[in-house]
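1. below are the sequence and a predicted model; questions follow.
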Amino acid sequence: MKRVLLTLDGAFVLGLGLYMLVLSQTEAYAAFMNPRFRPLTAAGGVGLCLAALAFLIRPGGGVDVRRTLCFAILGMLALHAGSGSLKGASGFAVKPPPAARVEPDPHVVRDGVRYLKSNPARLFLSLRAGQGAPPDQRYITRGVVKRSTQLDHLGKFALLRGNIVCCLADAVAMGMMVASDGRTALQGAEWVEILGRIQALETPIAITDLGATDQAPFAMVYNQAVFLAESIEPIEPPRFPYVFELPTSGKRPLQLTGGDEDY
Amino acid sequence: MSRIAVSIVMEAAPFLFLGSMLSAAVDRYVDAGRIARRIPSGPFGRLAVGLLGGMAMPICECGSVPLARRLLEKGVPPLTAITYMLAAPVINPIVLLSTYVAFGGNLRMVLARALVVACSAALAGWFCSRGTYGPRHANPGPMAASPHGNPAHTHAPHHVSSQERGKSSVPDLLSSGAAEFLDMGKYLILGSLASAAFKVFLPWQLVQALAGSAFLSISVMMLLAVLLCVCSEADAFVAAAFVYVPPAAQLGFIALGAMVDLKLMGMYFAVFPKRTAWVLVVVPTVCVFGLSWLLGFIIEAG
């Protein structure tokens, strides 16, 4: 019995190592972790595989049924998690080759007006870092709508995008308060593309009743500015709902990191 | 919920594995007498080694527990080992830099975080040095079994004999590391499950509203740090996103999370005697609350 349990333990560690190694090379990785940590996960996976093989050959230590059960549960959870929130069946396809090093055009021209692409999380972070938006700068941004009692009273809604720093556990939905002319009826939870500009508020407004979204347990809107929407168009949800924005130290502007769904 | 739990394990597993391998390496290659002789005899020297150890050997909070356990067993004084265990995940260049970036170059927040964690770790280390606060399985009997022997205790770390020390092969080292990883991994998995459940079922609207209250914000943000189990490299980015929360509460979040969270609490109670585990939970919590409240005013004034 002891030998069986130790073999199971070794097999579970080997399984975890292989899972980490394989996942780090697939598209689905981004549904769990920030892709910049692929090398770390891959290295951890290789290390665990080697350690597990050594353990299977020369098992050490005592047995613990609860420990074996915990790792079995982890295996089931990994199977259940599948390819995460990534839409489409190719979640476990090998990750696409790195894009050619061409800076994507950060602008879109609509009706002769140039709009700067920026997702709601990036707008949140750049404003919080003290990078004020010029009054004549127009933006195009995509996100999910969230309504709350506080915002309804103000005649506004929140436009959010889930942002992952390290792993899904630290995901926070970040974005802006949006003021519109009210012609577009929004229920909440729908994806929209908004064109408009940012206006600073004279007095900060703390919105504390946003609660959770489908993407993150809590949501934040920048409290010292409002996005004045010029047009709001419903869109299909993006293939991948999260972005991976990191704030800068405030000394230089945030860069557009690329991708069609990046804004 | 399964995705969140799996992502926490995936994030922490490389660091836990690193800590487990270091622990196994210390066990196999480091002589107890030699390491104890190199630690200063005075309390301030011991404290300084513990606090600054993270600068030389930065390691995430999950990895620091198995390593600290092994260091204690090797005769490293609790004042050094416990202080290192609590301080290393924060007082290291990577985490201090990430805090600086997350808070938009706010140096006061970086210094305040380092100060609060250093004080809390030192106080917990001092408490633990005043009694029999060694690791739970410090008696040599059941722990003395080799990886090929018959260890008597299910949770006992896997010690090598003095004959084997320094002569063991790489496969032996890897096997010991795997055994250590299995022991600690159990608590990582349970903590991740609990954290994922809280994320799914907690009334976040209420939590957010309470965090916005000036009176309750520090306590609520500290509670969040315990429940969310966010890694010390990433927690500053999460705290900085709480724009309507006062700096004192943000400081409480980033100072406590690396020392006390659900997965760490499981590890503490498994590795240390109950009394020590309680010290490791209560002392940092009280210390972080008091210091965050105090330093919050200074950060805000800046």
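-> Structure's in. What do you need?
2. so where's chain A uncertain?
-> A:83-105, A:131-132, A:183-184, A:247-263 (pLDDT under 70).
3. ranges for the strands of it?
-> A:107-110, A:113-117, A:138-146, A:156-163, A:172-179, A:191-200, A:219-234, A:242-243 (DSSP state E).
4. format these as JSON lines; extra columns: mean neighbour count.
-> Just so you know, the C-beta spots here come from the backbone N, C-alpha and C atoms, and that holds for glycine as well. Output for the strands of chain A, formatted as JSON lines (neighbours: other Cβ atoms under 10 Å in any protein chain shown):
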{"stretch": "strand A:107-110", "mean neighbour count": "12"}
{"stretch": "strand A:113-117", "mean neighbour count": "16"}
{"stretch": "strand A:138-146", "mean neighbour count": "23"}
{"stretch": "strand A:156-163", "mean neighbour count": "27"}
{"stretch": "strand A:172-179", "mean neighbour count": "26"}
{"stretch": "strand A:191-200", "mean neighbour count": "18"}
{"stretch": "strand A:219-234", "mean neighbour count": "20"}
{"stretch": "strand A:242-243", "mean neighbour count": "22"}
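5. out of these, the one nearest B:R275 is which?
-> strand A:172-179 (37.0 Å; Cβ to Cβ).
6. rewinding a little: can you lay out the strands of chain A as CSV showing distance to B:Y268?
-> Shown next, in CSV, are those (distance: least, Cβ to Cβ, whole Å):
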stretch, distance to B:Y268
strand A:107-110, 53
strand A:113-117, 47
strand A:138-146, 38
strand A:156-163, 31
strand A:172-179, 28
strand A:191-200, 43
strand A:219-234, 31
strand A:242-243, 32
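7. adding distance to chain B, write those out as TSV.
-> Converted to TSV, the strands of chain A look like this (distance: least, Cβ to the nearest Cβ, whole Å):
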stretch	distance to chain B
strand A:107-110	26
strand A:113-117	21
strand A:138-146	11
strand A:156-163	8
strand A:172-179	5
strand A:191-200	14
strand A:219-234	5
strand A:242-243	11
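8. wait, which of these is closest to B:A122?
-> Closest among the strands of chain A, using Cβ to Cβ: strand A:172-179, at 31.8 Å.
9. longest helix of chain A?
-> Longest helix in chain A by number of residues, with DSSP state H as the criterion: helix A:2-23.
10. enumerate the positions of that helix that are buried.
-> Across helix A:2-23, burial judged by 16 or more other Cβ atoms under 10 Å in any protein chain shown covers A:5-6, A:8-17, A:19-21, A:23.
11. likewise for stretch B:277-288?
-> Neighbour-count burial for stretch B:277-288 [16+ other Cβ under 10 Å]: B:277, B:279-281, B:283-285, B:287-288.
12. contact partners of that stretch?
-> With contacts defined as Cβ atoms under 8 Å, 6 or more residues apart in numbering or on different chains, stretch B:277-288 is touched by B:82, B:86, B:116, B:119-121, B:123-124, B:127-128, B:133, B:222, B:252, B:255-256, B:259-260, B:265, B:268-269, B:271-272.
13. picking that back up, what subset of the buried residues of helix A:2-23 is also close to chain B?
-> A:9-10, A:13, A:16, A:20, A:23 (Cβ under 8 Å from any Cβ of the partner chain).
14. without its sequence neighbours, what residue ends up closest to A:D181?
-> A:A229 (7.8 Å; Cβ to Cβ, 6 or more residues apart in numbering or on different chains).
15. from A:Q199, how far out is the one you found?
-> Noted for A:A229: a distance of 11 Å to A:Q199, by Cβ to Cβ, to the nearest Å.
16. max-length helix in chain B?
-> Chain B, longest helix under DSSP H: helix B:170-201.
17. tell me which residues of it are tucked away?
-> B:171-196, B:198-199.
18. packing partners of it?
-> helix A:2-23, helix A:38-57, helix A:65-81, helix B:2-29, helix B:61-73, helix B:217-228, helix B:262-271 (3 or more Cβ pairs under 8 Å, 6 or more residues apart in numbering or on different chains; DSSP states H and E).
19. most neighbours per residue, which of those?
-> Across the helices and strands packed on helix B:170-201, averaging neighbours per residue (mean count of other Cβ atoms under 10 Å in any protein chain shown) puts helix B:61-73 on top, at a mean of 27.
20. if you count contacts, what does that helix end up packed against?
-> Applying 3+ Cβ pairs under 8 Å, 6+ apart, we find helix B:61-73 packed against helix B:2-29, helix B:78-87, helix B:170-201, helix B:262-271.
21. and for the second one, what's in contact with it?
-> Contacts of helix B:78-87 from elsewhere in the structure, counted by Cβ under 8 Å, 6+ apart, are B:39, B:43, B:46-47, B:49-51, B:53-54, B:64-65, B:67-68, B:71-72, B:117-118, B:120-122, B:124-126, B:128-129, B:133-134, B:258-259, B:280, B:284.
22. try 6 Å
-> Applying Cβ atoms under 6 Å, 6 or more residues apart in numbering or on different chains, the contact partners of helix B:78-87 are B:39, B:46-47, B:49-51, B:53-54, B:64, B:68, B:71-72, B:117-118, B:121-122, B:124-125, B:128-129, B:133, B:259.
23. show me those that map onto helices.
-> Reading helices off these with DSSP H, I get B:46-47, B:49-51, B:53-54, B:64, B:68, B:71-72, B:117-118, B:121-122, B:124-125, B:128.
24. quick one, what contacts A:F157?
-> A:145, A:147, A:151, A:178.
25. how about a cut-off of 7 Å?
-> By Cβ atoms under 7 Å, 6 or more residues apart in numbering or on different chains, the contact set of A:F157 is A:145-147, A:151, A:178, A:186.
26. and what about B:I298, helix, strand or coil?
-> Three-state call for B:I298 (DSSP: H, G, I helix; E, B strand; the rest coil): helix.
27. neighbours of it, how many?
-> 13 (other Cβ atoms under 10 Å in any protein chain shown).
28. what's the nearest residue to it if we skip its chain neighbours?
-> B:I298 sits nearest to B:R108 (Cβ to Cβ, 6+ apart), 6.9 Å away.
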